[in-house]
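Asks: Provide a 3D model corresponding to the input given below.
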Amino acid sequence: MNRPNTHIFLAAGLVAGVALSLAGLQATQAETTTVAVQISTDGEATYAEGCADCHDGAAVATVGALLETLGHPDVSDDTEVLPADCSDCHSEEGGMWLLSEVAHMSHYREPAENKFVQEFGGDCRHCHVMDGETGEAGVKSGPKNW
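Replies: Okay, the predicted model is just below:
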């Protein structure tokens with residue numbers, strides 16, 4: 001009885017499967033790059049200066065007013081750029097709560113009542129920018145407005 005060599009068929013099937021997987025991986029990488037570029041450019045002009053644009057004293061209190069309400073020490077003389085200058089203290093080197101923890105906690109806690117989530121959609125791009133080529137995220141900044 002002549003049976004086809006199953007090893008040849010298995011090998012051929014394996015090679016075809018790998019080829020299809022590689023083609024799918026290339027498509028996925030292309031799609032990922034396209035999504036990264038789109039994410040990095042969508043909404044960049046909105047709140048281009050991050051904190052200062054949103055916390056303008058109209059729709060949302062200025063950062064300075066919020067700090068005063070919280071009993072934060074006066075940092076008006078030490079602050080020129082938001083939020084970069086806040087990192088002088090709010091960093092591992094500065095010894096205070098990390099700025100990322102403070103900002104994320106205040107913008108995302110109690111989502112059902114949180115204005116950032118409810119009125120602004122909790123969109124990360126209001127505060128962050130992303131490099132479409134590398135996928136690296138950064139923080140938008142601008143001059144203080146108080």
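
Asks: what's the following helix or strand after the lowest-mean-pLDDT helix or strand in the chain?
Replies: When the helices and strands of the chain are compared on mean pLDDT, DSSP states H and E, helix 6-41 comes out lowest with a mean of 49. Heading C-terminal from helix 6-41, the first helix or strand you meet, by DSSP states H and E, is helix 51-54.

Asks: Give me the buried positions along the next helix-or-strand element following that next one.
Replies: Using DSSP H and E, the helix or strand that follows helix 51-54 in sequence is helix 63-69. The neighbour-count check on helix 63-69 (16 or more other C-beta atoms under 10 Å) flags Val63, Gly64, Leu67 as buried. From N, CA and C alone the C-beta is placed, and that goes for glycine too.

Asks: Now do helix 63-69, average pLDDT.
Replies: The average pLDDT within helix 63-69 is 96.

Asks: neighbouring strands for the next helix or strand after that helix, and are they parallel or not?
Replies: Using DSSP H and E, the helix or strand that follows helix 63-69 towards the C-terminus is strand 81-82. For strand 81-82, the pairing partners within the sheet under DSSP bridges are strand 142-143 (antiparallel).

Asks: what does the partner strand rub up against?
Replies: Ala48, Glu49, Gly50, Cys51, Ala52, Asp53, Glu80, Val81, Leu82 (C-beta atoms under 8 Å, 6 or more residues apart in numbering).

Asks: Of those residues, just the buried ones, PyMOL syntax please.
Replies: Per 16+ other C-beta under 10 Å, the buried members of the contacts of strand 142-143 correspond to this PyMOL selection:
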select buried, resi 50+51+52+53+81+82
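
Asks: Name the pair among the contacts of strand 142-143 with the greatest separation in space.
Replies: Ala48 and Glu80 (17.3 Å; C-beta to C-beta).

Asks: And Cys127, what's its pLDDT?
Replies: Cys127 is given a pLDDT of 93.

Asks: check contacts around it.
Replies: Contacts of Cys127 (C-beta under 8 Å, 6+ apart): Tyr47, Gly50, Cys51, Ala103, His107, Val139, Lys140.

Asks: Rebuild the buried residues of helix 63-69 as JSON lines, extending it with distance to Phe116.
Replies: Listed next are those as JSON lines, based on distance: C-beta to C-beta, whole Å:
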{"residue": "Val63", "distance to Phe116": "13"}
{"residue": "Gly64", "distance to Phe116": "18"}
{"residue": "Leu67", "distance to Phe116": "17"}
